[in-house]
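Student: 3D, please:
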Amino acid sequence: MTPQTMVEKILSAKTGRDVLPNDMIVVPVDLAFAHDGTLPLAIQLMEDELATRTVHDPDKVIAVCDHASPSPSEQVSNVHIMMRRFARENSIHLYENGDGVCHQIVLEQYSAPYKTIIGADSHTCTHGALGAFATGMGSTDMAAIMTYGEAWLKVPQSYRIEVTGRLQEHVYSKDVFLYLCGRITADGATYMSMEFLGDTVDDMSVESRAVMSNMAIEAGGKCGLCAADDKVREFLARYGRSDEYAPLYPDDAADYASEIVIPAEDIEPQIAAPHRVDNVASVSEYAGIPLDQVCIGSCTNGRIEDLRIAARILKGRKAAKGTRLVVYPASRSVLLQAISEGLISVLVEAGAAVCAPGCGFCIGRTVALGDEETVLSTQNRNFKGRMGNNNAEIYLSSVETAAVSAIQGEIVDPREV
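Tutor: Here you go, the predicted structure:
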């Protein structure tokens, strides 16, 4: 058998034959999901183009109210009513306002090695952290997938990203990806399987790996895969899904279209400056920029380990006067765990507005910026207008850099504090 990359192994298993890069294939979909920003159009397309409102397999479709949650308007409330009606008609599971971001819900409850997961959201690549082939598609594709249970796609070429050595103190997986994106640019891995390997990645938690898989699309990646190792096994066991584990690694002699080796010690805390994710430099180059708001959360950095980092930094301290601090846990289970560990009280005492789990600030639906305001956020995108205002500036960082900066009211190098 020809040695294979991880994406080739997954798609070969799904099709029942050895696939090669650029092959056009049809694959069964193990999970299809959409949210309040994409499902309504998919439902309309099912009706208008496919003359149906019936999904192929209710056990393989979920809907999530997360992008505007809790509902900020009459219009959004009516969209949610439409979604609830569709879910009842088809007996599919609908996750309500406050249940969390679709990607965190899928990570906790559905994703597993060798699964094919299609979401009507670009950051569906998150689930490659558990060894799934997971990618985002539009509402038109989602309408067809919900109706027929299959998706067609081109087998992507693979990009081997090997990170070696020990990360410096104050450096996290978010910094690793921002550094990588600055190196290869926002289109450096277009339609490729970004496969994160090396002993640095091996040492990361599944949650930390998910940060890099989540952001694969920011370098153009079709998916972002990590090996399914003992840490993945333990993660699945934590959520009662041990039976879904299967090991996944690339073959030693697998053929990669591109490769990069990054020494971990070269990576400093990073900042992505407006208005591109690949506009990256060391945090020291942006130190001193005043901040109107600091945001911690999102599908990138809203997990329990992120809230632990934030609480550790903020305990006994206060966000600077004039700097708003907003925290969005990624899911209801993350929020409950953070409450049980006492993290939420620490964050609230530090001046944070802790909000219901959801997308919130990231897309400016429930927390928007004003004209000429500057924000430091742990989300995945800093495009013009991303947080609801074309006249605001968004900087991206790790949770630690964001928390330290909230205390100072300006961008701060965490190594200097």
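
Student: show the backbone phi and psi for residue 109.
Tutor: The phi and psi torsions at residue 109 (degrees, to the nearest 10) take the values phi -120, psi -20.

Student: that one and residue 27: what is the separation?
Tutor: Note on residue 109: its distance to residue 27, by CB to CB, to the nearest Å, is 21 Å. C-beta: built from backbone N, CA, C; applies to glycine.

Student: these two - which one has more neighbours?
Tutor: Neighbour tally, residue 109 and residue 27, criterion other CB atoms under 10 Å: the higher count belongs to residue 27, 19 against 16.

Student: helix or strand: which one has that one?
Tutor: strand 24-28 (DSSP states H and E).

Student: neighbouring strands - and their directions - for that strand?
Tutor: Strand pairing for strand 24-28, using DSSP bridges, gives strand 150-154 (antiparallel).

Student: residues in contact with the strand it pairs with?
Tutor: Under the contact criterion CB atoms under 8 Å, 6 or more residues apart in numbering, strand 150-154 has outside partners 22-29, 116, 118, 135, 137, 141, 144-145, 191.

Student: repeat the analysis, applying 7 Å as the threshold.
Tutor: By CB atoms under 7 Å, 6 or more residues apart in numbering, the residues outside strand 150-154 that reach it are 22, 24-29, 118, 141, 145.

Student: next: stretch 361-369.
Tutor: Counting by CB under 7 Å, 6+ apart, residues outside stretch 361-369 touching it are 67-68, 72, 293, 295, 298, 326, 328, 359-360, 375, 377, 379, 386-389, 392.

Student: in it, what counts as buried?
Tutor: 361-367, 369 (16 or more other CB atoms under 10 Å).

Student: also stretch 202-210?
Tutor: Buried-residue list, stretch 202-210, by 16+ other CB under 10 Å: 204, 206-210.

Student: excluding its backbone neighbours, what's nearest residue 260?
Tutor: Leaving aside its sequence neighbours, residue 260 sits nearest to residue 161 (CB to CB, 6 or more residues apart in numbering; 5.7 Å).

Student: helix/strand/coil for that neighbour?
Tutor: Following DSSP: H, G, I helix; E, B strand; the rest coil, we place residue 161 in the strand state.

Student: name whatever forms a beta bridge with it.
Tutor: Assigned bridge partners for residue 161, using DSSP bridges, are residue 196, residue 260.

Student: can you pull the contacts of residue 126?
Tutor: Per CB under 7 Å, 6+ apart, neighbours of residue 126: 103, 107, 134, 210, 213-214, 299.

Student: state the distance from it to residue 37.
Tutor: Distance of residue 126 to residue 37, given as CB to CB: 16 Å.

Student: swap in residue 67?
Tutor: 4 Å.

Student: one more: residue 115?
Tutor: Distance from residue 115 to residue 37, by CB to CB: 23 Å.

Student: what about stretch 224-244, distance to the chain center?
Tutor: 17 Å (CA atoms, centre = their mean, to the nearest Å).

Student: hmm, I typed the wrong one, I wanted stretch 115-132.
Tutor: Distance, centroid of stretch 115-132 to centroid of chain: 9 Å (CA atoms, centre = their mean).

Student: ok, now stretch 248-268?
Tutor: 21 Å.

Student: just the buried residues of it, please?
Tutor: Buried residues in stretch 248-268 (16+ other CB under 10 Å): 248, 250, 254-256, 262, 264, 267-268.

Student: which of those residues sit farthest apart?
Tutor: Spanning the widest gap among these are 255 and 268, at 32.8 Å by CB to CB.

Student: just the helices in the stretch 1-150 of the chain please.
Tutor: 6-15, 39-50, 74-90, 102-109, 139-148 (DSSP state H, counting those that start in this stretch).

Student: identify, out of those, the most deeply packed stretch.
Tutor: helix 102-109 (a mean of 26; mean count of other CB atoms under 10 Å).

Student: what is that one packed up against?
Tutor: Counting contacts by 3 or more CB pairs under 7 Å, 6 or more residues apart in numbering; DSSP states H and E, helix 102-109 is packed against strand 31-35.

Student: burial count for residue 195?
Tutor: 27.

Student: wait, I meant residue 403
Tutor: Residue 403: 30 neighbours (other CB under 10 Å).

Student: so it is in contact with residue 312, correct?
Tutor: No: when contacts are counted by CB atoms under 7 Å, residue 403 is not listed as touching residue 312 (8.2 Å).

Student: quick one: stretch 353-371 to chain centroid distance?
Tutor: 16 Å.

Student: neighbours of residue 187, how many?
Tutor: Neighbours of residue 187 using other CB under 10 Å come to 10.

Student: before we move on, the earlier item: what residues sit buried inside the strand holding residue 27?
Tutor: So for strand 24-28, counting by 16+ other CB under 10 Å, buried means 25, 27.

Student: thinking again about what came up before, distance to residue 184 and pLDDT added to the contacts of strand 150-154, as CSV?
Tutor: Listed next are the contacts of strand 150-154 as CSV, based on distance: CB to CB, whole Å; pLDDT from 0 to 100:
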residue, distance to residue 184, pLDDT
22, 21, 97
24, 26, 97
25, 26, 98
26, 30, 97
27, 27, 97
28, 32, 97
29, 29, 98
118, 25, 98
141, 27, 96
145, 30, 97
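
Student: out of those, who's nearest residue 399?
Tutor: residue 118 (29.0 Å).

Student: and residue 406, backbone torsions?
Tutor: Dihedral angles (degrees, to the nearest 10) for residue 406: phi -60, psi -40.

Student: hang on, the earlier thing: how far is the strand holding residue 27 from where the chain is centred?
Tutor: Worked out by CA atoms, centre = their mean, strand 24-28 lies 24 Å from the chain centre.

Student: show residues contacting that strand.
Tutor: Contacts of strand 24-28 (CB under 7 Å, 6+ apart): 11, 14-15, 19, 116, 149-155.

Student: what's the closest of those to residue 46?
Tutor: For those, the nearest to residue 46 is residue 149 (13.2 Å; CB to CB).
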